[in-house]
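Peer 1: Predicted model, plus sequence, below.
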Amino acid sequence: MLDDNWSGLNMAASSLSPTALQGTTSVLGMMWQCDVCHTGNICDASSETHFLALILMAKVNHESLSPSCEWNPTKIHGCLFHHQ
């Protein structure tokens, strides 16, 4: 289940300092999960300037994975992280 991955992902994301990311290409990602249907996934954007794109990607992703569940942004929870 997706809940099992939250703690490990948060630890990995918080262990990356800004200086560790200097000079490397990193991707902004968001792990999300819906409280209603318990569907979740990970979306990536090419840079921090695409933060709002992550929300739209999560919406489209949610609609394709769980078409019977109506999108409700107050029921979606997520975690932002950088990875390479």
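Peer 2: Okay, I see it. If you're wondering where the values come from, they're calculated on a predicted model, not measured in any experiment.

Peer 1: what's the average pLDDT for stretch 44-52?
Peer 2: Confidence for stretch 44-52, expressed as mean pLDDT, is 71.

Peer 1: Now do it: distance from first to last residue.
Peer 2: 11 Å (Cα to Cα, to the nearest Å).

Peer 1: For this structure, which element, helix or strand, carries the lowest mean pLDDT?
Peer 2: In the chain, the helix or strand scored least confidently by mean pLDDT, DSSP states H and E is helix 6-14, which has a mean of 43.

Peer 1: Show me what the helix ranked longest in the chain is in contact with.
Peer 2: In the chain, assigned by DSSP state H, the helix with the most residues is helix 51-65. Contacts to helix 51-65, defined as Cβ atoms under 8 Å, 6 or more residues apart in numbering, come from residues 28-30, 32, 34, 39, 41, 43-45, 69, 71, 73, 76, 78, 80. Glycine gets a C-beta too; all of them are placed from N, C-alpha and C.

Peer 1: Low-confidence stretches in the protein?
Peer 2: Along the chain, segments meeting pLDDT under 70 span 1-24, 47-49.

Peer 1: Quick one: neighbours of Ser26, just the number.
Peer 2: Using other Cβ atoms under 10 Å, Ser26 is surrounded by 16 other residues.

Peer 1: Just the element for the closest residue to it other than its chain neighbours, please.
Peer 2: Leaving aside its sequence neighbours, Ser26 sits nearest to His82 (Cβ to Cβ, 6 or more residues apart in numbering; 4.3 Å). Element membership for His82 (DSSP states H and E) is strand 76-83.

Peer 1: Could I get the buried residue list for that strand?
Peer 2: Judged by neighbour count (16 or more other Cβ atoms under 10 Å), strand 76-83 contains these buried residues: Ile76, Gly78, Phe81, His82.
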